[in-house]
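1. My questions are about this predicted structure, shown below with the sequence.
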Amino acid sequence: MSVDRIVVAELPVRALVGVTEEERTAEQELIVDVELTLDLRAAGRSDDLGDTVDYERACRTVVDVAASRPFQLIEALAARTAEALLADLGVAEVLVRVRKPSALRAWGARHAAVEIRRTRDG
C-alpha cells in the first residue's frame with residue numbers, strides 16, 4: 001500500500017449534531033481534518049489533476065455529508081464521512097477527524113474529537 005497522503009486540515013463545517021434538545025436546535029461549527037491515502041506517483045510525474053484527487057471535491061463531500069441529516073454523535077458523522085470519501089474518491093484509505101469545539105466548554109476543554117480510519121477493503 002502507498003504511504004502517500006493528501007491532507008485537508010481544519011475544514012470548518014456546520015451541522016446539526018448533538019444528543020440534547022438544546023444542541024439540536026441550531027447548526028454547530030465543527031472542524032474536520034481528512035487524510036486521503038493513495039498512490040501519488042502518477043500525479044507527481046504527470047502534474048495532471050486527473051492523476052490525483054481534487055481537493056475541492058473532497059471538501060464538497062465532507063460538507064455534503066454534514067448537511068445531509070441531523071446526527072446525534074460526531075462518531076456517526078465521521079463514519080458517514082469516511083464511507084462517502086471512500087466511495088466518491090476511490091482512495092485506498094481515509095482518516096477523518098471531527099472536532100466539536102462546543103462540546104466541553106464547561107470543562108475548559110478546547111474541543112472533543114473522534115478519529116476514524118477506514119480502508120477500501122474493509
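-> Thanks, I have the structure now.

2. so which strand or helix has the residue nearest to R117 when sequence neighbours are not counted?
-> Distances taken as CB to CB, 6 or more residues apart in numbering place L95 nearest to R117, at 4.7 Å, with adjacent residues excluded. All C-beta atoms are positioned from the backbone trio N, CA, C, and that covers glycine. L95 is part of strand 93-100 when elements are defined by DSSP states H and E.

3. With only the CA atoms kept, save that strand in CSV.
-> Presented in CSV, the C-alpha positions along strand 93-100 are these (Å, rounded to 0.1, in the frame of the first residue of the first chain):
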residue,chain,number,x,y,z
GLU,A,93,-7.8,4.7,2.9
VAL,A,94,-9.2,7.7,4.7
LEU,A,95,-8.8,9.2,8.1
VAL,A,96,-11.5,11.5,9.3
ARG,A,97,-11.1,13.6,12.5
VAL,A,98,-14.1,15.6,13.6
ARG,A,99,-13.6,18.2,16.4
LYS,A,100,-16.6,19.7,18.3
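
4. residues making contact with that strand?
-> Outside strand 93-100, the residues that touch it by CB atoms under 8 Å, 6 or more residues apart in numbering are 1, 17, 28, 30-37, 62, 74, 77-78, 81-82, 85-86, 111-120.

5. With stretch 101-118 instead?
-> With CB under 8 Å, 6+ apart, stretch 101-118 has contacts from 28-31, 74-75, 78-79, 82-83, 86, 93-100.

6. in this structure, which segments are predicted with low confidence?
-> Under the criterion of pLDDT under 70, the regions of the chain flagged as low confidence span 1-2, 106, 122.

7. which residues in it form helices?
-> Counting by DSSP state H, the chain has helices at residues 41-46, 55-68, 74-89.

8. so how far is the last one off the chain centroid?
-> Yep, that's helix 74-89 we're talking about. Here the centre of mass of C-alpha atoms in helix 74-89, compared against the chain's by CA atoms, centre = their mean, to the nearest Å, lies 7 Å away.

9. in it, what counts as buried?
-> Along helix 74-89, the positions that meet the burial threshold by neighbour count (16 or more other CB atoms under 10 Å) are I74, L77, A78, A79, R80, T81, A82, A84, L85, L86, L89.
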